[in-house]
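Novice: Below are the sequence and a predicted model; questions follow.
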Amino acid sequence: ADIMYPAGQFDSIKHRRLMSIAERTKSVIDDTLFMGIPDLIEAQTGGDSGEGIEDLGGPVNTVPSKPARWGTVWDTLGYTDTGFLGDYMATELGVTGMDYEIAMNHADNTRPYGRPWGVIFQENYINATRAIIKTAMAYAMTERTDFADFQIDPGGRVGYVYNPDTVTDTDQNGSGRLPGPQANPTPPPAGPVATGIGADGKLVEQRPYDATNMQFFEDANAYVKGGVNKALSGDIATSPSYLDQFDTLMIADIALPEDLLKRQVDPAAYYANLKSWVERGGNLVLTDRALHALGEMGVVPKESVTDVTVYQPYANISDFEHSMVQGLRGNARQLSEATLIGYGIGNDASPMTVVTTDAWETAGGQIVATTGNNSGGSDDGTKTSVGELKLGKGIIRIMGGGLHMPTEQNDHRYGLKDYSLTYTGLYILENSMKYDSPDLGKVVEAVATNLELSNTRSGQYTDKAPLGAVLKDATGAPVPDAIVTLELSAEGIRQSWTGVTGPDGSVTVPARLLLHPGNYVLKAIYNGKVGAYNADTSDLATFVVEKEDTAIKLSKKGKRTKKGKRVRTRLVAVVTDADDRSRGIAAVPVIFRGRKAGVLGSSITDGKGRAVFKVKRRFWRKKSFRAVFNGASDVYWHSSTIKVKGWRRRP
């Protein structure tokens, strides 16, 4: 029984809940099908695909000691795919969903009675299915309370270099590649809203999105003791002692991001201060393309750090005793589900960055994991992707893939997630931030602050809500140039926006509401300034994301064919966002009614929000027609209706 971990944007608590139900299901299946077999082999192999006594020198193809295993789809089956039901349940419905595949469940089904061992397969299939259902039902009773009080104690103070860049459907290049096989058609479809052309020739909607890998740190901030604090590239380059407030500094993908305050950043000073801080005792954690900082700091030759492409970001762990990979199973390998952030599936689909093993070891680095060829079919150990290196009094830890910025280069019609770490990538990052330097991370008490939210308490889906706050010190004086985060959160969902206070201590961010309509907690967060102001996250409020208003337009179309005999009459309804009539609403049903005739029929809107209904001859002379979009059962949109007069005479 393959227990396949779903793909999604999961935080520390969600991952642990998924791991919990996977392990519980495995335990129940194992005990049900092969009760009484010793656990020795299980403990030594981690429950991976090669589990069995052959791993201990026994004959090949020996029956495994335990019949169930869990991991990502690729780690379990050796390939991956998209569209699993468990992915949808876990990501969009918020439940602890999982996918299952029971091998040989159809074996020997071509014979009327099967072979003797076919009965065993059948019984095991039934028992495994029962175990899956019973475990899922039992876990539903404790799902919301399991790990509810979880917290990571990193030992020291953790920071990350903040990258203000985001990937949105409204930035300079819009949505990038449009959806559908006929992407970016020439000429493009009329109207400012991005749509592509599907295989059936119809318009395909591009859903809105606003994605950034920085959301991982915002999510982690809720679970890490002392928080995960923003550091700006401009401050790092300007002040050699700025980083002394941190024991650990994490840089995700972009080694030198733009400064939030739009200051010019000197790269030489930036990298010199990074290196000096590590040598004084700091723990520098680099992911993805940020590994190029190794070359910029002179730790390894620049040419030894290279960007590669792989099937999915992965690392073959060679040292499971190392602190960076503590808590991982023997088959842990895949670092992220890259399709969720816009990358495809294939040998050259996903990006990673590695350092040559020779250069890493020459610099004094310890190898934790390596990455082989793009498909993962071979690995000669020459490319290090996970490792640790001592530098002066401090250390550098690397993870060459898993927290890349999202991309718009492929069809992403349903939008983009912010990040898509597997439990393997998550554990490596959580373990990497655990570090305490005796000479760093000391935050002295400073002036108390008071953070107060503005009065905005609701907004409609897809609209920009002016979320704001005012920051003052204990005397009531405004605190200018302070980094404030405005956050909306609910069970398993979190989205945040960052702004800087003005001279009056106020900050307002135009928060684009792409969350499901519902109730959220609105929080203002200020992480303080070392030696000047204390942190404050005291102000909380309830915020409601409301369904968006819609508008509907209805027109009549009627013309004779070339022969002048047949007449084609249609009603064309266009459902749009009421605030932006150019943005059509796709995939919603429109009901067409005729006066006294009741419901004539219905049609589903296309990528531009258009629904077309062919009117039969006997209804041509109705006095009026009505188009209705019933939003009562829709998650995102309110209802709308419109009426138009019928044809006065035959078209």
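Specialist: Received it, and whenever you're ready, just let me know what you need.
Novice: the helices in the stretch 251-400 of the chain, which residues?
Specialist: With DSSP state H, counting those that start in this stretch, the ranges of helices along the stretch 251-400 of the chain come out as 267-279, 293-296, 357-362.
Novice: Highest average neighbour count across those helices: which stretch is it?
Specialist: Most buried of these, by mean neighbour count (mean count of other Cβ atoms under 10 Å): helix 293-296, with a mean of 22. The way it works is simple: take the backbone N, C-alpha and C, and place the C-beta from them, glycine included.
Novice: Extract the C-alpha set from that one and format it as PDB.
Specialist: What follows is helix 293-296, C-alpha atoms only, in PDB (Å, rounded to 0.1, in the frame of the first residue of the first chain):
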ATOM      1  CA  ALA A 293      26.700  33.900  -2.400                       C
ATOM      2  CA  LEU A 294      29.300  31.300  -1.600                       C
ATOM      3  CA  GLY A 295      31.300  32.500  -4.700                       C
ATOM      4  CA  GLU A 296      30.600  36.200  -4.000                       C
END
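Novice: what's that helix packed up against?
Specialist: Helices and strands touching helix 293-296, by 3 or more Cβ pairs under 8 Å, 6 or more residues apart in numbering; DSSP states H and E, are helix 267-279, strand 283-287.
Novice: Hmm, G394 is touching D439, no?
Specialist: No. Using Cβ atoms under 8 Å as the test, G394 is too far from D439 to be in contact (9.7 Å).
Novice: I'd like to know which of the helices of the stretch 251-400 of the chain is closest to E388.
Specialist: Closest to E388 of these is helix 357-362 (Cβ to Cβ; 9.9 Å).
Novice: which outside residues touch that closest one?
Specialist: Here helix 357-362 makes contact (Cβ atoms under 8 Å, 6 or more residues apart in numbering) with V300, P301, S304, I367, T370, G381, T382, K383, T384, G387, L389.
Novice: So which of the residues you listed is the closest to L515?
Specialist: Among the contacts of helix 357-362, G387 lies closest to L515 (Cβ to Cβ), at 37.7 Å.
Novice: Show me where the stretch 401-550 of the chain has its strands.
Specialist: Using DSSP state E, counting those that start in this stretch, the strands found in the stretch 401-550 of the chain span residues 449-453, 458-460, 464-473, 483-490, 493-500, 506-512, 518-526, 540-546, 550-560.
Novice: and for the first one, what are the contacting residues?
Specialist: Outside of strand 449-453, the residues that reach it under the criterion Cβ under 8 Å, 6+ apart are 468-474, 479, 484, 522, 524-526, 528, 533-541.
Novice: Can you turn the buried part of those into a PyMOL selection?
Specialist: Selection of buried members from the contacts of strand 449-453 for PyMOL, criterion 16 or more other Cβ atoms under 10 Å:
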select buried, resi 468+469+470+471+472+473+479+484+522+524+525+526+528+533+534+535+536+537+539
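Novice: just to revisit the earlier point, can you list the strands of the stretch 401-550 of the chain in TSV and add distance to D169 and mean pLDDT?
Specialist: Compiled in TSV, the strands of the stretch 401-550 of the chain are given as follows (distance: least, Cβ to Cβ, whole Å; pLDDT from 0 to 100):
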stretch	distance to D169	mean pLDDT
strand 449-453	28	92
strand 458-460	18	95
strand 464-473	14	94
strand 483-490	19	93
strand 493-500	15	92
strand 506-512	10	95
strand 518-526	22	94
strand 540-546	18	95
strand 550-560	19	83
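Novice: Point out the one among those that comes closest to D244.
Specialist: Within the strands of the stretch 401-550 of the chain, the stretch nearest D244 is strand 483-490; the backing value is 18.2 Å (Cβ to Cβ).
Novice: List the pairing partners of the closest one within its sheet, with orientation.
Specialist: Partner strands for strand 483-490, per DSSP bridges, with pairing direction: strand 493-500 (antiparallel), strand 518-526 (antiparallel).
Novice: In CSV, list the C-alpha atoms belonging to the last one.
Specialist: Presented in CSV, the C-alpha positions along strand 518-526 are these (Å, rounded to 0.1, in the frame of the first residue of the first chain):
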residue,chain,number,x,y,z
GLY,A,518,-14.8,34.0,5.1
ASN,A,519,-13.6,35.2,8.5
TYR,A,520,-10.0,35.8,9.2
VAL,A,521,-7.8,37.2,12.0
LEU,A,522,-6.2,40.5,11.0
LYS,A,523,-2.9,41.1,12.8
ALA,A,524,-0.3,43.9,12.7
ILE,A,525,3.3,42.8,13.3
TYR,A,526,6.3,44.9,14.2
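Novice: So which of the strands of the stretch 401-550 of the chain is nearest G401?
Specialist: strand 493-500 (23.3 Å).
Novice: mind listing what's buried in the closest one?
Specialist: Judged by neighbour count (16+ other Cβ under 10 Å), strand 493-500 contains these buried residues: I493, R494, Q495, S496, W497, T498, G499.
Novice: just stretch 79-98 next, same as before
Specialist: Across stretch 79-98, burial judged by 16+ other Cβ under 10 Å covers T80, F84, G86, D87, M89, A90, T91, G94, V95, T96, G97, M98.
Novice: In helices, which of those residues fall?
Specialist: Judged by DSSP state H, helices contain the following of the buried residues of stretch 79-98: G86, D87, M89, A90, T91.
Novice: what's near enough to touch the fourth one?
Specialist: Contact analysis of A90 by Cβ under 8 Å, 6+ apart lists P6, G8, F10, K14, L18, T96, G97, M98.
Novice: What ranges does the stretch 151-300 of the chain have for its strands?
Specialist: In the stretch 151-300 of the chain, the strands defined using DSSP E, counting those that start in this stretch lie at 158-161, 167-168, 195-197, 203-205, 210-211, 228-231, 248-252, 283-287.
Novice: Output the contacting helices and strands for the fourth one.
Specialist: The one in question is strand 203-205. Judged by 3+ Cβ pairs under 8 Å, 6+ apart, the packing partners of strand 203-205 are strand 195-197.
Novice: Phi and psi next, for Y100.
Specialist: Here is the backbone geometry of Y100 (degrees, to the nearest 10): phi -130, psi 140.
Novice: what do you get for S602?
Specialist: Backbone torsions of S602, given as degrees, to the nearest 10, read phi -150, psi 170.
Novice: And G364, by the same measure?
Specialist: Note on G364: its backbone torsions stand at phi 100, psi 10 [degrees, to the nearest 10].
Novice: Now do it: how many residues are near it, please.
Specialist: Residues within reach of G364, counting by other Cβ atoms under 10 Å, total 12.
Novice: thought it was touching L389?
Specialist: Yes. If you go by Cβ under 8 Å, G364 and L389 touch, sitting 5.8 Å apart.
Novice: residue contacts, the residue lying closest to G381 once chain neighbours are set aside?
Specialist: Nearest residue to G381, sequence neighbours excluded (Cβ to Cβ, 6 or more residues apart in numbering): T370, at 4.9 Å. By Cβ under 8 Å, 6+ apart, T370 lies in contact with A315, N316, S318, V354, T357, D379, G381, T382, K383, T384, S385.
Novice: per-residue pLDDT, E51?
Specialist: pLDDT, E51: 51.
Novice: Just list the residues touching the closest residue to T356 other than its chain neighbours, thanks.
Specialist: Excluding the flanking residues, the one nearest T356 by Cβ to Cβ, 6+ apart is S304, at 4.4 Å. Listed by Cβ under 8 Å, 6+ apart, the contact set of S304 reads G295, V355, T356, D358, A359, W360.
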